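Enquirer: Pasted the sequence and its predicted model underneath.
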Amino acid sequence: MNGHTLWLRARIIRAIRCFFWDRGFLEVETPLLIPANAPEEYINPISPLPWQLQTSPELCMKRLLCRGHKRLFQISHCWRAEERGQNHLSEFTMLEWYRADSDYNALIDDCQELLQHIAKACLVDSPVYHYNRAAIDPFAPWAKISVQEAFLRFSNTSVWSCLEKGIYEEILTEVIEPALTVFSMPVILTDYPAELAALSRLKPGQPELAERFELYLAGLELANGFSELNDAAEQRKRFEEANQLRIKDGRHALPLPERFLDELDAMPPSAGIAMGIDRLVMLAAGAESIDEVVAFTPEQL
């Protein structure tokens, strides 16, 4: 990382903290080494000890919601095994925030205000983001598209058909995400099929859908948010199903986060979101690779 990008990254992190502090969010620090992450089919934790490095601060932050805290945010390092590429690092920096008594629509508003705030505070000469030779204006009206609409529009096939055939990820990464580069504004991809949202609340009246969205800029996924599931029995069932899928795929089952499950029923209706800090800096700096926005890559250590 060059000196200019190092300073830009520091200014962005300062701007994020100011944004949430000014809105009454409590900044928290939760443990990085935990006994169990949320078991998910495609996310593999790194286990250097009997415990695991966190894949997300999600579980501990939700436990704080259960104990009465209403607005929380955290900037934290996370680790995921077998993740390395142009936009991926095994160790990366995550911003997460949670709102009690809210749903995913409030998080979409937060995202819009946050990206506009950072553009004003850190991108003074040209308050737009850049990626893949595209300029993305956070002040333009944002596009909002359902997952089903995106699949029908850009791949001429139903998301349900892709899930049934086991080609959802392939079509998403090879067709849908590249198609989102045509938008000159941020894109909200929303209302995911329920089977793609293991920790999300289902949509009232449409149980086949989950109240989940992802934020994209020029085809680059930046954030993943949802209305939180707060039914412990249902959450346990989904974790067990994820472990069954892992075993079917030739991977080992993961331990369940029992203390999180013990507290989950006390969580009020809430919404939470994870945003990749490294990718945000990429967009602000106009970088083409995540390697350009971290002080050291794994290969340099």
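Expert: Yes, it's here. In this text the structure is predicted, and so the values were computed from the model without any measurement.

Enquirer: For the rest of this, base every contact and every neighbour count on C-alpha atoms.
Expert: Will do.

Enquirer: Which residues does stretch 286-300 contact?
Expert: 1-2, 5-6, 9, 86-89, 129-132, 278-279, 281-282 (Cα atoms under 8 Å, 6 or more residues apart in numbering).

Enquirer: Centre of the chain to it, how far?
Expert: Mean-position distance between stretch 286-300 and its chain equals 20 Å (Cα atoms, centre = their mean, to the nearest Å).

Enquirer: how far does it stretch from start to finish?
Expert: By Cα to Cα, to the nearest Å, the extent of stretch 286-300 from end to end equals 22 Å.

Enquirer: now that stretch: mean pLDDT?
Expert: Throughout stretch 286-300, pLDDT has a mean value of 94.

Enquirer: shaky segments in the stretch 101-250 of the chain?
Expert: For the stretch 101-250 of the chain, not a single residue meets the criterion pLDDT under 70.

Enquirer: what about the strands in the stretch 51-200 of the chain?
Expert: For the stretch 51-200 of the chain, the strands defined by DSSP state E, counting those that start in this stretch occupy 52-53, 71-79, 91-100, 129-131, 134-136, 143-146, 187-193.

Enquirer: so which of those gets nearest residue 267?
Expert: Closest approach to residue 267 among the strands of the stretch 51-200 of the chain is made by strand 91-100 (8.2 Å; Cα to Cα).

Enquirer: Tell me the backbone dihedrals of residue 4, please.
Expert: Per-residue torsions, residue 4: phi -60, psi -40 (degrees, to the nearest 10).

Enquirer: Narrow the contacts of stretch 286-300 to those that are buried.
Expert: Neighbour counting by 16 or more other Cα atoms under 10 Å classes 5, 9, 88-89, 129-131, 278-279, 281-282 among these as buried.

Enquirer: Look at the closest residue to residue 253 other than its chain neighbours and tell me its secondary structure.
Expert: Nearest non-adjacent residue to residue 253, counting by Cα to Cα, 6 or more residues apart in numbering: residue 243, 4.9 Å away. Under DSSP: H, G, I helix; E, B strand; the rest coil, residue 243 falls in the helix class.

Enquirer: tell me the contacts of residue 243?
Expert: 39-41, 252-254.

Enquirer: Thanks again, I'm all set now.
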